[in-house]
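Participant: Have a look at this fold, sequence not included:
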């Protein structure tokens, strides 16, 4: 079974942020991380899961995702996201990332395990370090969908 450990971080919400991912299979170990100049914590938590799953080359693998994000885990485990799809994500945030997640999720046999954040879990702590550091490394990537939505929302207010 492939183990994926994930975490997202954001300095301000929204603000600069990043994600950290660890993939483990037997003796194989890989870290993935990236930072964005303007994003949210929930986007980074979900992006981490997407990036972890997308890193798996072969389909139909048994995958256990470890996350401290109730947002991500509950949305999948309680099947909320599938209802959001049926309703066209009306009133829901992060549609782009949820669709990205669902696209890769359907190619694997994925289960989730919640871990308490900042509680000494070695891989979760490492993912947190990666996520926090990624949000500070310049230049930061642009979360195009989020920034576009933020700009459009701002224009509506004006």
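Facilitator: On my side now, so go ahead. No experiment lies behind these values; they were computed from the predicted model shown.
Participant: Every contact and neighbour count from this point should use C-alpha atoms.
Facilitator: Noted.
Participant: what helix or strand does residue 130 sit in?
Facilitator: helix 122-134 (DSSP states H and E).
Participant: cool, residue 58 as well?
Facilitator: Using DSSP H and E, residue 58 falls outside every helix and strand.
Participant: From residue 107, how far out is it?
Facilitator: For residue 58, the distance to residue 107 equals 9 Å [Cα to Cα, to the nearest Å].
Participant: For the two, indicate the residue with more neighbours.
Facilitator: When neighbours are counted by other Cα atoms under 10 Å, residue 58 and residue 107 differ, and residue 107 comes out ahead with 15 against 9.
Participant: so what's residue 63 up against?
Facilitator: 1-4, 108-111 (Cα atoms under 8 Å, 6 or more residues apart in numbering).
Participant: Wait, a strand at it?
Facilitator: Yes. Going by DSSP: H, G, I helix; E, B strand; the rest coil, the assignment for residue 63 places it inside a strand.
Participant: which of the contacts of residue 63 lies closest to residue 125?
Facilitator: residue 4 (13.4 Å; Cα to Cα).
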